[in-house]
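Student: generate coordinates for the sequence data below:
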Amino acid sequence: MQKLKSQPTVKETNNTKGLKNTKSSKNSINADITSSTTGGQSPSISGGDVVRNEISVQTDEITLLEDWQNMKKGLVDKIFNQEIELEKLKSENENLKVQIQLRDNCSCGPSRLDPRSGFSPRAPVPAVKPKKRIIPVNLSMTSCKTSSPAMTTIRYTTQVNTPPNPSQTSKCFLTGDSHLRWMSQELSSILPPNQKVESVFHPGACYKDIANVHTNSPNLMRPGPEDTIVIYCGTNDIGYSKWKDVKKGLDVLINKFKACGKVCIIGVPMRLASKKMNYHIAGFNTKLKYYVTSKLPGVRYVNPFNFIKSKHFAKDGLHLNATGKTLMCRKIATELSKKVQVSNDTKDSSKLSRFRTEKRKVNFTNPKVNVELRLT
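Tutor: Below is the predicted model:
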């Protein structure tokens with residue numbers, strides 16, 4: 001009985017072993033199925049694909065980042081270059097403003113022609129016949145007051161208004177010292193459109209110097225009977241030239257331009273920088289007026305003392321500012337438009353004779369010393 005009872009127990013253990021064997025076989029079958037469905041690839045190989053995909057994405061992001069950085073750098077460089085260009089334009093604008101201010105308020109005072117400066121009155125100046133508008137560009141700001149050498153460059157300016165009829169074109173010539181700077185442009189806008197304005201001026205020149213220039217260069221200006229000549233000089237003669245030298249220069253200029261249809265002489269403006277000189281300037285203008293009217297009947301004379309005020313001067317107190325030059329040009333145009341009647345009135349001759357015999361305390365060589373001079 002004991003043997004029979006122990007046998008089922010053995011069978012049961014055998015059965016459990018069989019079950020275990022069947023489970024292991026099922027697991028092996030499942031493993032085979034899994035390996036067949038995955039193509040025999042291990043799980044570690046599929047993870048490499050993911051890594052490669054991530055690397056490719058990161059590479060694309062790096063490429064985009066580099067492109068963006070390059071674009072940003074290009075924009076920054078462009079902005080930097082534009083800022084540099086803007087600074088250059090601002091600097092040029094400031095320089096132009098300074099040049100305009102210096103031209104409006106020119107500080108170059110008068111001075112005589114210094115032989116050491118290289119200018120020789122005997123050296124002929126070539127005849128210049130400009131065909132188009134010429135604007136002086138060499139504007140030296142070197143001080144040319146009476147105590148310093150003069151600028152030796154003769155300035156030529158031409159202003160042409162389109163005439164309605166070219167056959168009726170006339171010319172208006174301007175000659176003198178630095179007071180004529182920029183006046184040809186203004187006078188050209190005021191005069192009739194059929195009149196051409198030409199200017200030849202020498203900064204720091206006296207009447208005698210201007211006469212020498214025209215003597216040595218007779219073709220510099222060749223006005224005809226229908227033309228006009230305006231002489232604006234004398235500032236540099238005050239306190240330096242003797243009256244006999246002034247008369248010699250006037251005689252040369254009058255003899256050269258006496259054939260012109262109209263001759264206009266402009267007196268010396270007052271000075272704000274040295275008001276003590278105004279008394280001598282007034283005496284010089286009086287002598288100038290009566291001398292030219294006695295030599296050339298019908299001459300126009302413009303006295304700046306009658307209409308130029310202190311507000312019309314530049315900062316140097318010597319030259320006129322833009323407003324003053326405009327006023328001067330309008331006065332010149334008014335005088336040129338007047339009809340002058342030449343007559344031998346005894347009243348005028350008696351007035352001139354009285355002035356000739358009158359004694360005046362005017363000194364042209366040394367303003368600090370007053371001596372008696374008489375017009376001869």
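Student: can you give me the strands for this structure?
Tutor: Under the criterion DSSP state E, the chain contains strands at 155-159, 170-176, 195-201, 228-232, 262-266, 300-302, 360-361, 372-373.
Student: quick one, which of these is nearest to Thr215?
Tutor: Of all the strands of the chain, the one in closest proximity to Thr215, counting by Cβ to Cβ, is strand 170-176 (12.5 Å). C-beta coordinates here come from the backbone N, C-alpha and C atoms, glycine included.
Student: what pairs with that closest one, parallel or antiparallel?
Tutor: Strand partners for strand 170-176, identified by DSSP bridges, are recorded as strand 195-201 (parallel), strand 228-232 (parallel).
Student: select from these the stretch with the lowest mean pLDDT.
Tutor: Within these, confidence is poorest for strand 195-201, with a mean of 88 (mean pLDDT).
Student: returning to that earlier point: make CSV from the strands of the chain and add mean neighbour count and distance to His319 to it.
Tutor: Conversion of the strands of the chain to CSV gives the following (neighbours: other Cβ atoms under 10 Å; distance: least, Cβ to Cβ, whole Å):
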stretch, mean neighbour count, distance to His319
strand 155-159, 20, 14
strand 170-176, 23, 12
strand 195-201, 23, 12
strand 228-232, 25, 12
strand 262-266, 24, 14
strand 300-302, 19, 16
strand 360-361, 13, 27
strand 372-373, 13, 28
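Student: and of the ones you listed, who's closest to His214?
Tutor: Of all those, strand 170-176 sits nearest to His214, with 7.3 Å by Cβ to Cβ.
Student: how far off strand 262-266 does the closest one point, in degrees?
Tutor: Counting by axes from the mean of the first three to the mean of the last three Cα atoms, to 10 degrees, strand 170-176 points 30 degrees away from the direction of strand 262-266.
Student: quick check: Asp316 touching Ala273?
Tutor: Yes: in this structure Asp316 lies within contact range of Ala273 using Cβ atoms under 8 Å: 6.6 Å.
Student: who's more crowded, the two?
Tutor: Neighbour comparison, Asp316 and Ala273: the larger count goes to Asp316, with 17 against 12 (by other Cβ atoms under 10 Å).
Student: now the strands paired with strand 170-176 in a markdown table, with distance to Gln82?
Tutor: Shown next, in a markdown table, are these (distance: least, Cβ to Cβ, whole Å):
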| stretch | distance to Gln82 |
| --- | --- |
| strand 195-201 | 43 |
| strand 228-232 | 48 |
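Student: kindly list the single helix or strand of the chain that scores lowest on mean pLDDT.
Tutor: Counting by mean pLDDT, DSSP states H and E, the chain has its least confident helix or strand at strand 372-373, which shows a mean of 34.
Student: how many neighbours does Thr59 have?
Tutor: Number of residues near Thr59 (other Cβ under 10 Å) recorded here: 10.
Student: state the distance from it to Asp67.
Tutor: Here Thr59 is placed at a distance of 13 Å from Asp67 (Cβ to Cβ, to the nearest Å).
Student: what do you get for Cys329?
Tutor: When distance is defined by Cβ to Cβ, Cys329 is 66 Å away from Asp67.
Student: so for these two, which sits in the more crowded spot?
Tutor: Using other Cβ under 10 Å as the criterion, Cys329 and Asp67 rank with Cys329 on top: 22 against 10.
Student: contact partners for the more buried one?
Tutor: Met183, Glu186, Leu187, Ile190 (Cβ atoms under 8 Å, 6 or more residues apart in numbering).
Student: in the stretch 51-200 of the chain, where is pLDDT below threshold?
Tutor: Counting by pLDDT under 70, the stretch 51-200 of the chain has low-confidence residues at 101-168.
Student: name the residues of stretch 228-247 that are buried.
Tutor: By neighbour count with 16 or more other Cβ atoms under 10 Å, stretch 228-247 contains the buried residues 228-241, 243, 245-247.
Student: now do the same contact list for Phe313.
Tutor: Pro269, Leu272, His319, Leu320, Asn321, Gly324.
Student: rewinding a little: out of the contacts of Cys329, which is nearest to Tyr279?
Tutor: Set against Tyr279, the nearest of these by Cβ to Cβ is Met183 (26.6 Å).
Student: I figured the closest one hits Val200, correct?
Tutor: No: with contact defined as Cβ under 8 Å, Met183 does not count as touching Val200 (12.0 Å).
Student: joint contacts of these two?
Tutor: Between them, Met183 and Val200 have Leu174 as joint contacts when contacts are counted by Cβ under 8 Å, 6+ apart.
Student: circling back: turn the contacts of Cys329 into TSV, including neighbour count and distance to Tyr291.
Tutor: As requested, those are arranged in TSV below (neighbours: other Cβ atoms under 10 Å; distance: Cβ to Cβ, whole Å):
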residue	neighbour count	distance to Tyr291
Met183	24	24
Glu186	20	28
Leu187	25	25
Ile190	15	28
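Student: what's the closest of those to Thr169?
Tutor: Leu187 (15.7 Å).
Student: show me what contacts the closest one?
Tutor: Residues near Leu187 by Cβ under 8 Å, 6+ apart: Gln159, Cys172, Leu174, Val197, Cys329, Ile332, Ala333.
Student: returning to what we had before: dump the strands of the chain into JSON lines; add distance to Asn219 as well.
Tutor: Listed next are those as JSON lines, based on distance: least, Cβ to Cβ, whole Å:
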{"stretch": "strand 155-159", "distance to Asn219": "13"}
{"stretch": "strand 170-176", "distance to Asn219": "13"}
{"stretch": "strand 195-201", "distance to Asn219": "12"}
{"stretch": "strand 228-232", "distance to Asn219": "15"}
{"stretch": "strand 262-266", "distance to Asn219": "20"}
{"stretch": "strand 300-302", "distance to Asn219": "25"}
{"stretch": "strand 360-361", "distance to Asn219": "39"}
{"stretch": "strand 372-373", "distance to Asn219": "37"}
